[in-house]
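1. starting from these lines, generate the structure:
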Amino acid sequence: MMFVAVTAAIAATLGHQTLAFTHLHSSNAMPRITLKMSNEAKTQNADFFGPLKQIFGGTENLFGQSSISQEMKAIDEEIDDCKIILNKAVETKSEDPESVLSALQSLEKLMRKKCKVDESASNEILSKLDGDWRLIFTTGTVDTQKKLGAKINYFPIKAMQSFRPMTSPMEIENGIYLGDFNLIKFFGDFEFNPKSRKLEFDFDKISVLGLMINLGKGDAAKLGAASGLGSENNVKLVEKKKKPFFDWISADENIAVARGGGGGLALWKRV
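-> Numbering: from 1, shown residues only. Here you go, the predicted structure:
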């Protein structure tokens, strides 16, 4: 009787296990399957979730990622709700100031949560900040609120800020306009810390009615506080050899939000 023997070895990796299957066929014999286990597998416990772990990075990671995704979805939905109010505010300037303030405060808390879960969110803020922005709404600095006994809301004059994060160094401009005519504008550079979302800036030039003037150390902070473009706290920061700053909250295709060094919240519209 002629026997034909065909041997096939199939290796399947399950964690650290290797299983080898050998099939022997003949015309009048049942197939025989032998199971061999590698020496490495003999010394370790079987891990039947090995393939899933290789695909998903571990069962713990699989369920952890699902939980994070659900958390991010919930945060993004709340952020969208805040931005509905803020987008209406920059377009109409008629939204109730208290509602706008509440949306700004909620957005600040939500973005803080989001940036802790998703580190890329901070870098996205910087890239979206590129461009020209008109100041629409501000609570004013804490000092101003105390002086006036109330919170400032919609900014009464045309104030523009420009950010150029693609230049080196990154550039910032801050100006007051009468219609399209520039009355006063500050020029300088800024740095951005992605982890804290703090944007520190310094102005070294000013244009007054088109006349360019170089500024000395601390001059911009004093002029900014006097003109209303900056905070009196910026003067104190410069005296301590620190730079004025914004704690940036959010920036997208239409609106930007930040808390200034003086403690006030501000809302800008992209122009």
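2. and the strands in the chain, which stretches?
-> Per DSSP state E, the chain carries strands over the ranges 11-14, 17-24, 32-37, 131-138, 158-164, 170-178, 181-193, 198-208, 211-214, 245-251, 255-260, 265-270.
3. can you put the ones you listed in a markdown table and add mean neighbour count and mean pLDDT?
-> Yep, even glycine has a C-beta here, placed from its N, CA and C like the rest. Putting these into a markdown table (neighbours: other Cβ atoms under 10 Å; pLDDT from 0 to 100) gives the following:
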| stretch | mean neighbour count | mean pLDDT |
| --- | --- | --- |
| strand 11-14 | 12 | 39 |
| strand 17-24 | 15 | 42 |
| strand 32-37 | 10 | 48 |
| strand 131-138 | 19 | 97 |
| strand 158-164 | 19 | 96 |
| strand 170-178 | 17 | 95 |
| strand 181-193 | 17 | 94 |
| strand 198-208 | 18 | 94 |
| strand 211-214 | 9 | 94 |
| strand 245-251 | 22 | 96 |
| strand 255-260 | 23 | 96 |
| strand 265-270 | 22 | 97 |
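4. with distance to Asp118 as added columns, please give those in CSV.
-> Formatted as CSV, the strands of the chain follow (distance: least, Cβ to Cβ, whole Å):
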stretch, distance to Asp118
strand 11-14, 34
strand 17-24, 37
strand 32-37, 44
strand 131-138, 23
strand 158-164, 22
strand 170-178, 23
strand 181-193, 17
strand 198-208, 18
strand 211-214, 42
strand 245-251, 13
strand 255-260, 18
strand 265-270, 23
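5. mean confidence score for the longest helix anywhere in the chain?
-> The longest helix of the chain (DSSP state H) is helix 59-92. Across helix 59-92, pLDDT averages out at 84.
6. quick one: it to strand 265-270, angle?
-> If you take axes from the mean of the first three to the mean of the last three Cα atoms, to 10 degrees, helix 59-92 sits at 80 degrees to strand 265-270.
7. quick one: Lys243 from Met212, how far?
-> 22 Å (Cβ to Cβ, to the nearest Å).
8. my bad, Ser122
-> 34 Å.
9. repeat for Ile184
-> In this view, Ile184 and Met212 are 11 Å apart by Cβ to Cβ.
10. quick check: neighbours shared by those two?
-> Ile206 (Cβ atoms under 8 Å, 6 or more residues apart in numbering).
11. what bridges to the residue lying closest to Lys128 once chain neighbours are set aside?
-> Spatially, and ignoring its direct neighbours in sequence, Lys128 is nearest to Ala251 (4.1 Å; Cβ to Cβ, 6 or more residues apart in numbering). Per DSSP bridges, the residues bridged to Ala251 are Ala256.
12. check contacts around Ala251.
-> Counting by Cβ under 8 Å, 6+ apart, Ala251 has contacts Ile125, Leu126, Lys128, Leu129, Val257.
13. tell me which of those residues is nearest to Asp96?
-> Val257 (17.4 Å; Cβ to Cβ).
14. quick one: the closest one from Ala89, how far?
-> 11 Å.
15. common neighbours of those two, please.
-> Common contacts of Val257 and Ala89 (Cβ under 8 Å, 6+ apart): Leu267.
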